[in-house]
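> A predicted structure for the sequence below; I have some questions about it.
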Amino acid sequence: MGRNAIVGQSGGPTSVINASLAGVLQACQMRGADTVYGMVHGIAGLLEENVIDLGAKIGSSLEIELLKRTPSSYLGSCRYKLPKATDKPEVYEKLFKILEKLDIGYFFYIGGNDSMDTIMQLSDYAAQIGSDIRFMGVPKTIDNDLMCTDHTPGYGSAAKYVAMVMKEIVRDATVYGTKYVTIVEIMGRNAGWLTAAAALARGEDCEGVNLICMPEIPFHVDRFLTKVETMQKESSSVVIAVSEGVKLADGRYVCELADDVHAVDSFGHKSLTGTARFLSNTVARNMDTKTRSIELSTLQRCAAHMTSRTDITEAYQVGGAAAKAAFEGHTGMMVALKRISNDPYQCTTELVDVHKVANFEKKVPLDWINDYRTDMKPEFLRYARPLIQAELTPVYIEGLPRHIYMR
């Protein structure tokens, strides 16, 4: 059994992914790992033997606290699609030789769906060749679309950001009292969890958004225009939250109607952008109103200055739980969050077979969306509100948050 551990981060970052990294690091150190290595730029970096001694880089308690409060991926990330072992066995042979060279006994990958696919393939290959390396998945994604977990670390903070920004946009959009349609584009390729968080903006001090459009509901441009026109008869200012990944009934993304160039990554995912801009232009051409499109883009995943304390605490916990499970003999598993109650909010961790997670997507339940397909029901609000609670104040130096990064 190898004496060392290695951890990597993959896919799109979040504002709390480094808290999971801190959880893995500290738990491995407490359980006796001689060295905890970090993959620089994930599995792609590991293939090039680009690794660091993470414990030597992050040594003090202050550095750990700064790491937990620093957004994005400290180790860097990648979107490398690991081929199947039957197709390219030489890739796996190379990886396992590198792991043997580093005396690795415990392997952790922090990421979303594609990262869980990596853990699945590596653990399956290890079983085939009789390797005793233990492979564990640590969940993260602002999309909240991983199966078998109540929610994912990263989602709560991004949802908090979306809800807060939507409140501010609603206030700004009403100042002139003239006809105005504001369309805000929110991340979410095939699941609308983050766009649904716009519903949290409504309260005693905010009338909330007028319309929420998510990938779970087929999009019809003509019906959209009719809804907007009807809404503007009741309120001159209309604010709309739309997922970047809303699709037409034939499966095409709405943003593809804009004839923009959309690159494709190694997983076959199209780069989605321009949905709000296309819809804003469409409204302007068909209605007598001013319009504005706002693309939140990467802001919604890196706004560590308004991180949810619940989120950052759970992100740290799943990292520690993954290390605990690996040192106790588990492999081919992902740490999941299991909700015990909403009021008071209580959540614990459990292990799930990574085969039940990889290459599946969890969508927003249709019965959490109202009958008009314009807003979220109370069931969603009860689900999401606990995840955005409390704050973890950044360490401020000269008026700005202090971050830690790998030089």
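Noted; the coordinates are in hand.

> what ranges do the strands span in the chain?
For the chain, the strands defined by DSSP state E cover 4-9, 36-39, 51-53, 104-111, 134-139, 180-186, 211-213, 237-243, 290-295, 333-342, 345-353, 396-397, 400-401.

> could you list everything the closest residue to residue 394 other than its chain neighbours pairs with in the sheet?
Distances taken as C-beta to C-beta, 6 or more residues apart in numbering place residue 401 nearest to residue 394, at 3.6 Å, with adjacent residues excluded. Just so you know, the C-beta spots here come from the backbone N, C-alpha and C atoms, and that holds for glycine as well. Assessed by DSSP bridges, residue 401 has beta-bridge partners residue 396.

> list the contacts of residue 385.
Contacts for residue 385 (C-beta atoms under 8 Å, 6 or more residues apart in numbering) come out as residue 200.

> 10 Å - rerun?
If you count contacts by C-beta atoms under 10 Å, 6 or more residues apart in numbering, residue 385 has them with 156, 159, 163, 200, 342, 343, 345.

> what of residue 313?
Taking C-beta under 10 Å, 6+ apart, one finds 16, 19, 23, 68, 153, 156, 347, 390, 392 in contact with residue 313.

> 8 Å instead, please
Residue 313 neighbours (C-beta under 8 Å, 6+ apart): residue 19.

> check residue 206 too.
167, 170, 171.

> so it bridges to which residues?
residue 203.

> any figure for the gap between it and residue 161?
Residue 206 sits at a distance of 15 Å from residue 161 (criterion: C-beta to C-beta, to the nearest Å).

> thinking again about what came up before, from the contacts of residue 385, which would you call buried?
Among the contacts of residue 385, those scoring as buried are 156, 159, 163, 200 (criterion: 16 or more other C-beta atoms under 10 Å).

> is it true that the last one touches residue 388?
Yes. The pair residue 200 and residue 388 passes the contact test of C-beta atoms under 8 Å, sitting 6.8 Å apart.

> any common contacting residues for the two?
159, 163.

> point out where this structure drops to low pLDDT.
259-271 (pLDDT under 70).

> can you pull out the helices in the stretch 301-407 of the chain?
Applying DSSP state H, counting those that start in this stretch to the stretch 301-407 of the chain gives helices spanning 309-327, 378-384.

> okay, those helices, which one's buried deepest?
helix 309-327 (a mean of 24; mean count of other C-beta atoms under 10 Å).

> any idea of the angle it forms with strand 345-353?
Relative orientation of helix 309-327 versus strand 345-353 (axes from the mean of the first three to the mean of the last three C-alpha atoms, to 10 degrees): 30 degrees.
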